[in-house]
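>>> Take this sequence and fold it.
(3 chains)
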Amino acid sequence: MAPSQTWPESQIVSDLAALRASVPLTHCITNIVVTGFTANVLLAAGASPAMVVAFEEVAEFARIASGLLINVGTVTEPEAKAMVRAASTAQEAKTPWVLDPVAVGALTFRTQVAMQLLDYKPSVIKGNASEIMALAGAAGGGKGVDSTADSGAALSLAQSLAKRTGTVVQVTGLVDYVTDGADVVSIPGGHFYLTKVTGTGCALGALTAAFLGAGLTPVRAAVASSAVFAAAAERAAAVSTGPGSFATAFIDQLFLLGIQ
Amino acid sequence: MAPSQTWPESQIVSDLAALRASVPLTHCITNIVVTGFTANVLLAAGASPAMVVAFEEVAEFARIASGLLINVGTVTEPEAKAMVRAASTAQEAKTPWVLDPVAVGALTFRTQVAMQLLDYKPSVIKGNASEIMALAGAAGGGKGVDSTADSGAALSLAQSLAKRTGTVVQVTGLVDYVTDGADVVSIPGGHFYLTKVTGTGCALGALTAAFLGAGLTPVRAAVASSAVFAAAAERAAAVSTGPGSFATAFIDQLFLLGIQ
Amino acid sequence: MAPSQTWPESQIVSDLAALRASVPLTHCITNIVVTGFTANVLLAAGASPAMVVAFEEVAEFARIASGLLINVGTVTEPEAKAMVRAASTAQEAKTPWVLDPVAVGALTFRTQVAMQLLDYKPSVIKGNASEIMALAGAAGGGKGVDSTADSGAALSLAQSLAKRTGTVVQVTGLVDYVTDGADVVSIPGGHFYLTKVTGTGCALGALTAAFLGAGLTPVRAAVASSAVFAAAAERAAAVSTGPGSFATAFIDQLFLLGIQ
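Next up, the predicted model:
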């Protein structure tokens, strides 16, 4: 494992400026719990979200989108077909895309869906420690789910997963890690309240897709989204009473980041 | 094109009072991103929202509803069937209804769905400039999508669309326009933040349906919803830090409008 | 009808402490309007929400969940199949579960779905007066929907429904009632704003499922959720400007309840 690096704040500011300059059209196929919050996060950050989910439309849209997110959080059989079509088109059209394997490992059907999606070469896989370990295991890398494992163990499997699949892996937790299989960047910060608001992890994956859509490399896109979330969360927590007001302030601070 | 008129504020206040007095049961078949926000907008304004989407239920409910919204934002094949059934029943039962052709023109499948829905004579078509131009074009009126076109061009096509289909068209933008094909009413105001919160346009269409359900004419219903949104947005922006707090304050101000 | 009791506040505090100590994995199959709000309510209260809705996954998950909510608010044909599978598995695996018969009585399809679900013995049925009366009627207990009936009439039918089905019934309104068919507990309080925010009733049912998942008896789980909602709503209303800020403050106060 390469020594962990942190990322200079000046690069985060310039990455966010790049996002706002390009207003990337970000195609989201995500779960039914977080659609609204995800769209509001992307709008506040400066991207242009579009939730296009029908089998009849995903290929047409994945071609014109700048970036794509596929999140299996509430995937059903017809949605899985649309996801595969979208991923396949994205690979063919060179639209960079993010896979969020929500709860993979814990449930059989979505684990199979995620494995199938892996064939279409996501630019970034974003998940928590359990999800990344499960995906690494299912992909033949070793152990299955172990939610009690520490993030060091997850990081090691994340590196294996990244190497074997040729993708960048973004592992979320108290500290986020981004790895291309060789180097590791660590992004500390954020706030406990992020774990008490539904959809923050899902919206993070969408923001990674937006940064990809703005032309950033996979490593830089993943680091930028984690760093932007950490900064906005810290500012939001400072003016919040609880997770409700935090969620509202988080959107405000995403919008204000780099402006004031 | 008829000379543009504005609408006296006294009529807005009385329209809102009419809505609150009748508490119109507003049947919404809308996209998965904006369901919660739409319901909260309708509740705050004084209507009674009901999201009834199953093919098995839409006909039964479109008969008893006071007004209906059909929004194709995330339409899939089975949902399209339910939408056609709802629109057909609404026409037969004389339940006034609003068509929101989200992203029509940009995507083939939903453009076909929207064209099919047009056959059932919506009372109002609500869309942004691109959507209205695309629908006018697809309906045989001339040009297709042109998102760079100015709102004057959209207005002219909106009038053609209104004339040819016998509906009222509500075009949203920096200034909203409502036309029955002959007269044009313009509703200025609102706030930039409306473009940074997902679902504001979709909720506007739902509020038009609620005003129809309260017995207003199509022109008056469309003007009332645009005017109520503009007023609530201006008040909300005055107490907001960013788009997150704006969304919350917007709901508060919708509720308080005409009360304080 | 047994004389109505109220519930000592000390028990509510200890019930909430039990919930937070066990962090019950709460499986929600709910409607598309309220998914995000429901998850945020559960997170703020201290539970662990999981929206798992695919036919392929619900049985696997209903086995490992601590509690289950089934809410028919926007049920479609494929979702009805998943709900039946989840309920059947829950009964077999002894996972306690809550049925929320949203708008049953008003619509034929969902009334049939709810009747079918009743066969799998929910621990608690939670509904408003109209829904409980409709379900009692459809289940052979007498009258159908009558939204103009007072809550006394609903309570009497709620008791019949509880007796005949062997479940606990939680009736919401200005005062909430919980009955096992013999005893009745009344939970006054709450706030008008709860009726102006979408999904509060749906999230209440989810919280009942979470309390069941924490090991409480059905009566105690239903009373605890109603009492927690009443207390949080009163505190939130005291710091709110309208229903938008109330919804935000309500989440904050759920989180803070018993802490400060």
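>>> quick one, helices of the stretch 101-250 of chain A?
Taking DSSP state H, counting those that start in this stretch as the test, the helices found in the stretch 101-250 of chain A are A:108-118, A:129-136, A:151-165, A:200-213, A:218-237, A:243-256.
>>> Quick one: mean pLDDT for the fifth one?
Per-region confidence: helix A:218-237 scores 96 on mean pLDDT.
>>> The fourth one now?
In this model, helix A:200-213 carries a mean pLDDT of 98.
>>> Can that helix be said to contact chain B?
No: on the criterion C-beta under 8 Å from any C-beta of the partner chain, helix A:200-213 is out of touch with chain B, staying 11.7 Å away. Where you see a C-beta, it was placed from the backbone N, CA and C, and this is true even at glycine.
>>> Tell me the gap between that helix and the middle of its chain.
Here the centre of helix A:200-213 is set off from its chain's centre by 5 Å, with C-alpha atoms, centre = their mean, to the nearest Å.
>>> by contact count, what packs against that helix?
Helix A:200-213 makes packing contacts with helix A:9-22, strand A:25-29, helix A:35-45, strand A:67-71, strand A:97-100, strand A:124-128, strand A:168-172, helix A:218-237 when contacts are defined by 3 or more C-beta pairs under 8 Å, 6 or more residues apart in numbering or on different chains; DSSP states H and E.
>>> related to what we said a few turns ago, most packed of the helices of the stretch 101-250 of chain A?
helix A:200-213 (a mean of 29; mean count of other C-beta atoms under 10 Å in any protein chain shown).
>>> Could you tell me the angle between that one and strand A:25-29?
Regarding helix A:200-213 and strand A:25-29, their directions subtend 140 degrees when assessed with axes from the mean of the first three to the mean of the last three C-alpha atoms, to 10 degrees.
>>> what angle do helix A:200-213 and helix A:9-22 make?
Going by the same axes, to 10 degrees, helix A:200-213 makes 70 degrees with helix A:9-22.
>>> CA atoms only: put helix A:200-213 into PDB for me.
As requested, C-alpha coordinates have been extracted for helix A:200-213 and formatted as PDB (Å, rounded to 0.1, in the frame of the first residue of the first chain):
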ATOM      1  CA  THR A 200     -25.500  11.800   1.600                       C
ATOM      2  CA  GLY A 201     -23.400   8.800   0.400                       C
ATOM      3  CA  CYS A 202     -25.600   8.400  -2.700                       C
ATOM      4  CA  ALA A 203     -25.300  12.100  -3.500                       C
ATOM      5  CA  LEU A 204     -21.600  11.900  -3.100                       C
ATOM      6  CA  GLY A 205     -21.400   9.300  -5.900                       C
ATOM      7  CA  ALA A 206     -23.500  11.600  -8.000                       C
ATOM      8  CA  LEU A 207     -21.100  14.500  -7.400                       C
ATOM      9  CA  THR A 208     -18.200  12.200  -8.400                       C
ATOM     10  CA  ALA A 209     -20.000  11.600 -11.700                       C
ATOM     11  CA  ALA A 210     -20.500  15.300 -12.100                       C
ATOM     12  CA  PHE A 211     -16.800  16.000 -11.600                       C
ATOM     13  CA  LEU A 212     -16.000  13.300 -14.100                       C
ATOM     14  CA  GLY A 213     -18.400  15.000 -16.400                       C
END
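>>> now the angle from that helix to helix A:243-256?
Going by the same axes, to 10 degrees, helix A:200-213 is angled at 10 degrees with respect to helix A:243-256.
>>> can I get the helices of the stretch 101-250 of chain A in a markdown table with distance to residue A:42?
Supplementary listing: these in a markdown table, determined by distance: least, C-beta to C-beta, whole Å:
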| stretch | distance to residue A:42 |
| --- | --- |
| helix A:108-118 | 21 |
| helix A:129-136 | 22 |
| helix A:151-165 | 25 |
| helix A:200-213 | 6 |
| helix A:218-237 | 11 |
| helix A:243-256 | 9 |
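>>> most centrally placed residue in chain A?
A centroid search over chain A (C-alpha atoms, centre = their mean) returns residue A:205, at 1.8 Å, as the residue closest to the centre.
>>> what's that residue in contact with, if anything?
For residue A:205, the contact set (C-beta atoms under 8 Å, 6 or more residues apart in numbering or on different chains) comprises A:69, A:71, A:98, A:100, A:124, A:126, A:170, A:225.
>>> how about 10 Å then?
A:28, A:30, A:34, A:38, A:69-71, A:98-102, A:124-127, A:170, A:172, A:222, A:225 (C-beta atoms under 10 Å, 6 or more residues apart in numbering or on different chains).
>>> Then residue A:119?
By C-beta under 10 Å, 6+ apart, the contact set of residue A:119 is A:84, A:87, A:88, A:91, A:165.
>>> 8 Å instead, please
With contacts defined as C-beta under 8 Å, 6+ apart, residue A:119 is in contact with no residue.
>>> And residue A:226, by the same measure?
The contact partners of residue A:226, taken as C-beta under 8 Å, 6+ apart, are A:170, A:172, A:176, A:178, A:187, A:204.
>>> For these, which two are the farthest from each other?
Comparing every pair within these by C-beta to C-beta identifies A:178 and A:204 as the most remote, at 11.6 Å.
>>> Mind listing the shared neighbours of these two?
Where contact means C-beta under 8 Å, 6+ apart, the residues bridging residue A:178 and residue A:204 through contact with each are A:170, A:226.
>>> which parts of chain A sit against chain C?
Where chain A comes near chain C, counting by C-beta under 8 Å from any C-beta, the residues are A:31-37, A:73-77, A:103, A:106-110, A:195-199, A:240-245, A:247-248.
>>> any weak-confidence spans in the stretch 51-200 of chain A?
Across the stretch 51-200 of chain A, the ranges flagged by pLDDT under 70 are A:138-152.
>>> what does it have sitting close to chain B?
With C-beta under 8 Å from any C-beta as the criterion, the stretch 51-200 of chain A meets chain B at residues A:51, A:52, A:53, A:54, A:55, A:56, A:57, A:60, A:61, A:64, A:78.
>>> before we move on, back to that, what's the closest of the helices of the stretch 101-250 of chain A to residue B:21?
For the helices of the stretch 101-250 of chain A, proximity to residue B:21 was assessed by C-beta to C-beta; helix A:243-256 is nearest, at 32.0 Å.
>>> Tell me what angle the closest one forms with helix C:35-45.
Relative orientation of helix A:243-256 versus helix C:35-45 (the same axes, to 10 degrees): 120 degrees.
>>> For helix A:243-256, which helices and strands make contact with it?
Packing partners of helix A:243-256 (3+ C-beta pairs under 8 Å, 6+ apart): helix A:35-45, helix A:218-237, helix B:243-256, helix C:35-45, helix C:243-256.
>>> among those helices, which is nearest residue B:117?
helix A:35-45 (22.6 Å).
>>> Give me the spatial nearest neighbour of the residue of the stretch 1-150 of chain A found nearest chain C, chain neighbours excluded.
As assessed by C-beta to the nearest C-beta, chain C sits closest to residue A:109 within the stretch 1-150 of chain A, at 3.9 Å. With sequence-adjacent residues excluded and distances taken as C-beta to C-beta, 6 or more residues apart in numbering or on different chains, residue A:109 is closest to residue C:56, at 3.9 Å.
>>> didn't that neighbour look like it was pressed against residue A:77?
Yes: Residue C:56 is within contact range of residue A:77, at 6.5 Å (criterion: C-beta atoms under 8 Å).
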